[in-house]
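Peer 1: what's the 3D shape of this:
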Amino acid sequence: MLLFLTGMPGAGKTFWLNSFAEALQYQTADLDQFIEERQGCSIPVLFQRGEGYFRRVEKEALDALVQARQNTVIATGGGTPCHEDNMAKMKQNGMTVYLQASVRQLCQRLAQDVSSRPLLAQLTSRELYCRLEAILSGRQYFYRQSDIVFNTETDNFAHIIAQIQSLQRQNNNSHV
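Peer 2: All right, here's what the predicted structure looks like:
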């Protein structure tokens with residue numbers, strides 16, 4: 001099975017990647033890192049070619065990971081589930097977990113490193129808050145389609161893992 005971590009920039013997808021993989025005894029893959037390796041350049045450089053171009057590259061990379069991997073936790077980019085048919089593809093090929101965090105928490109986490117994030121670079125603290133709030137508002141519809149919502153500020157990680165394992169068992173039993 002594939003487990004896709006979705007959520008806003010700064011929600012902790014890369015941070016939680018190894019924890020989920022260790023708990024489930026899965027491999028890991030970071031979609032952004034996979035894209036950079038395939039393209040031979042950074043995400044900000046790809047974004048300079050236009051967001052449409054980047055989203056096509058992202059979709060191709062997601063398709064490649066879905067075809068090549070099993071028993072893997074995949075950290076997606078913040079916008080991945082919101083473009084093309086990516087959320088449907090992820091749900092058809094595995095389970096999705098929305099790592100939910102407040103805009104305040106996202107700002108605190110991102111304040112040190114917005115330069116590597118093309119949609120957030122060079123914003124003041126107030127602009128960052130407003131921008132994240134607007135992005136979250138536009139993406140919430142897609143994130144909420146995830147199989148599990150993990151509030152990274154309040155939920156218990158062990159409980160989330162138990163939910164995932166329960167859903168896995170249900171899916172395995174329904175395919176017998």
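
Peer 1: C-alpha only now, for contacts and for neighbours.
Peer 2: Fine.

Peer 1: Can you list the residue ranges for strands in this structure?
Peer 2: 2-6, 27-30, 72-75, 94-100, 148-151 (DSSP state E).

Peer 1: possible to save those strands as a markdown table with mean pLDDT and mean neighbour count?
Peer 2: As requested, the strands of the chain are exported to a markdown table (pLDDT from 0 to 100; neighbours: other CA atoms under 10 Å):
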| stretch | mean pLDDT | mean neighbour count |
| --- | --- | --- |
| strand 2-6 | 97 | 27 |
| strand 27-30 | 98 | 19 |
| strand 72-75 | 98 | 27 |
| strand 94-100 | 97 | 23 |
| strand 148-151 | 96 | 19 |
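
Peer 1: mind putting those in JSON lines, distance to Glu84 included?
Peer 2: Formatted as JSON lines, the strands of the chain follow (distance: least, CA to CA, whole Å):
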{"stretch": "strand 2-6", "distance to Glu84": "15"}
{"stretch": "strand 27-30", "distance to Glu84": "19"}
{"stretch": "strand 72-75", "distance to Glu84": "17"}
{"stretch": "strand 94-100", "distance to Glu84": "16"}
{"stretch": "strand 148-151", "distance to Glu84": "21"}
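
Peer 1: List the contacts of Tyr26.
Peer 2: Listed by CA atoms under 8 Å, 6 or more residues apart in numbering, the contact partners of Tyr26 are 20, 71-73.

Peer 1: same thing but at 7 Å, please
Peer 2: Residues near Tyr26 by CA atoms under 7 Å, 6 or more residues apart in numbering: 71-73.

Peer 1: phi, psi of it?
Peer 2: For Tyr26, the backbone dihedrals are phi -110, psi 170 (criterion: degrees, to the nearest 10).
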